[in-house]
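Student: Predicted model follows, preceded by the sequence.
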There are 2 protein chains.
Amino acid sequence: MDKIKLGPMPYMSVMPTLLVGANVRGKPNYMTAAWATVACMAPPMVCVAINKARYTAKGIEENKTFSLNVPSASQVVKTDHCGLVSGTQEDKSGVFASFYGNLKTAPMAKECPVTIECTLFKSIDCGSHLLHIGQVVEIYADKACITDGKPDITKINPIVYAQATYFDVGKQVGRAFYAGKAYKKE
Amino acid sequence: MDKIKLGPMPYMSVMPTLLVGANVRGKPNYMTAAWATVACMAPPMVCVAINKARYTAKGIEENKTFSLNVPSASQVVKTDHCGLVSGTQEDKSGVFASFYGNLKTAPMAKECPVTIECTLFKSIDCGSHLLHIGQVVEIYADKACITDGKPDITKINPIVYAQATYFDVGKQVGRAFYAGKAYKKE
């Protein structure tokens, strides 16, 4: 197999498409983000990398709280709009209807089927970006997107991000902690 | 829209399916991981959350290097096997053929179409997990998976992870920094 060196770059195979919610100067703001994942099981934590110059960065610093909101594929226009336009140029508080949870300062988008409410644990300075690690204080989900008490991906229809393109989730190719049982040494 | 509180948990809508490569006691070991993303643009960094008790954690601590390997959907059995079995129970150095890059201590899986070679920048203690942030020193890709000098998701066919299930990537639902141009205030 011929390997080519592509040089150092911020590559990841697939990512979630999310909206980071933060109050900036007392108003909800939503920013599109994909550089996010789970950071810890116990306590539950998530992380998201945000450019230091972004409007949202000010809100996270100000309140030490933020939210991650999971839009559906049907919300791709609104979602991408929040990545095209900065809160410094446009008041984005009306793009989504907002609600607040326990923390009172982390706005969440009502239209998003799942939202993650966080307190800031640490912001790690990586260079151009701060990696904000947040402790999850609550998960909110639409009743209609729940199966057996858990968020159901077929009902949520989240957006996968890769190569500056939004995709939906495709077909199942295996069950985790199960598919590997078929492994045989070559 | 009725919202239900699901309580705090380590939720993320979709994640990449990766293999973390690390030398442990001089031998390559691969561990399945999904809690990973990009952490910074400049310099390019990625991060991955790993339980402190894992065998791979020892290798990262030992060498201060690791790799993230992107398997194809066709490699789901081998990939899941590396999540089912610990390096403490089984020598996993033969599951994938390994190659080394610039760093000499971060093993990469030849069969994986894209591999990311990293030096450890910081390990953040979040509780049960360490969030390892790595600076990307090189990206290696199979010639056959490149289009116009860039990794091509349709050729790589990476695995999306969500709800303990592996999925492939579905159809395009929009272009980033473009779809949002259709947004009109309601």
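Tutor: Yep, it's here. Numbers count the residues shown, from 1 in each chain, chains lettered A, B, ... in the order given.
Student: packing partners for the lengthiest strand in chain A?
Tutor: Criterion DSSP state E: the longest strand present in chain A is strand A:129-142. Strand A:129-142 makes packing contacts with strand A:45-51, strand A:65-70, strand A:114-125, strand B:3-5, strand B:36-40 when contacts are defined by 3 or more CB pairs under 8 Å, 6 or more residues apart in numbering or on different chains; DSSP states H and E. Just so you know, the C-beta spots here come from the backbone N, C-alpha and C atoms, and that holds for glycine as well.
Student: In chain A, where is pLDDT below threshold?
Tutor: Along chain A, the model assigns pLDDT under 70 to residues A:1, A:186.
Student: And the contacts of whatever helix or strand comes next after the longest strand of chain A?
Tutor: Following strand A:129-142 in sequence order, the next helix or strand is strand A:146-147 (DSSP states H and E). For strand A:146-147, the external contacting residues (CB atoms under 8 Å, 6 or more residues apart in numbering or on different chains) are A:152, A:155, B:4, B:6.
Student: Each with direction, which strands does the longest strand of chain A pair with?
Tutor: According to DSSP bridges, strand A:129-142 forms sheet pairs with strand A:45-51 (antiparallel), strand A:114-125 (antiparallel), strand B:3-5 (antiparallel).
Student: Name the stretch among those strands that sits most buried.
Tutor: Mean neighbours per residue, mean count of other CB atoms under 10 Å in any protein chain shown, is largest over those for strand A:45-51, with a mean of 25.
Student: how distant is it from the center of its chain?
Tutor: Chain-centre distance of strand A:45-51: 8 Å, with CA atoms, centre = their mean, to the nearest Å.
Student: between the longest strand of chain A and strand A:65-70, how many degrees?
Tutor: Strand A:129-142 runs at 60 degrees relative to strand A:65-70, counting by axes from the mean of the first three to the mean of the last three CA atoms, to 10 degrees.
Student: Return the alpha-carbon coordinates of strand A:129-142 using CSV.
Tutor: Output in CSV follows, covering the C-alpha atoms of strand A:129-142 (Å, rounded to 0.1, in the frame of the first residue of the first chain):
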residue,chain,number,x,y,z
HIS,A,129,-7.7,27.7,19.5
LEU,A,130,-8.8,27.1,23.0
LEU,A,131,-10.0,23.6,23.8
HIS,A,132,-12.9,24.2,26.2
ILE,A,133,-13.6,21.2,28.4
GLY,A,134,-17.1,21.3,30.0
GLN,A,135,-18.6,19.2,32.7
VAL,A,136,-22.1,18.0,31.6
VAL,A,137,-24.7,19.1,34.1
GLU,A,138,-27.8,18.1,32.1
ILE,A,139,-28.9,16.6,28.8
TYR,A,140,-32.2,17.8,27.3
ALA,A,141,-33.9,15.8,24.6
ASP,A,142,-37.2,16.1,22.7
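Student: Mind checking the helices and strands packed on strand A:129-142 for the one nearest to residue A:178?
Tutor: Nearest to residue A:178, of all the helices and strands packed on strand A:129-142, is strand B:36-40, at 21.2 Å by CB to CB.
Student: how deep is the closest residue to residue A:120 other than its chain neighbours tucked in, by neighbour count?
Tutor: In space, and not counting its chain neighbours, residue A:120 is closest to residue A:64: 4.3 Å by CB to CB, 6 or more residues apart in numbering or on different chains. Residues near residue A:64, counting by other CB atoms under 10 Å in any protein chain shown, number 17.
Student: Relative to residue A:106, how far out is residue A:64?
Tutor: Distance, residue A:64 to residue A:106, using CB to CB, to the nearest Å: 10 Å.
Student: Likewise for residue A:180?
Tutor: Residue A:180 is 38 Å from residue A:106, by CB to CB.
Student: what does residue A:81 give?
Tutor: 21 Å.
Student: The two: which has the busier surroundings?
Tutor: Between residue A:81 and residue A:106, counted using other CB under 10 Å, residue A:106 has the larger neighbour count: 31 against 22.
Student: still on that earlier bit, select, out of the strands paired with strand A:129-142, the one closest to residue B:26.
Tutor: For residue B:26, the closest of those is strand A:114-125, at 30.3 Å, according to CB to CB.
Student: bridging residues for the most centrally placed residue in chain A?
Tutor: Centroid-nearest residue in chain A: residue A:18, 3.4 Å away (criterion: CA atoms, centre = their mean). Beta-bridge partners for residue A:18, by DSSP bridges, are residue A:33.
Student: Correct me if wrong: it contacts residue A:33.
Tutor: Yes: using CB atoms under 8 Å, residue A:18 is in contact with residue A:33, at 5.2 Å.
Student: So for those two, which residues contact both of them?
Tutor: Contact criterion CB under 8 Å, 6+ apart; residues shared by residue A:18 and residue A:33: A:48, A:68.
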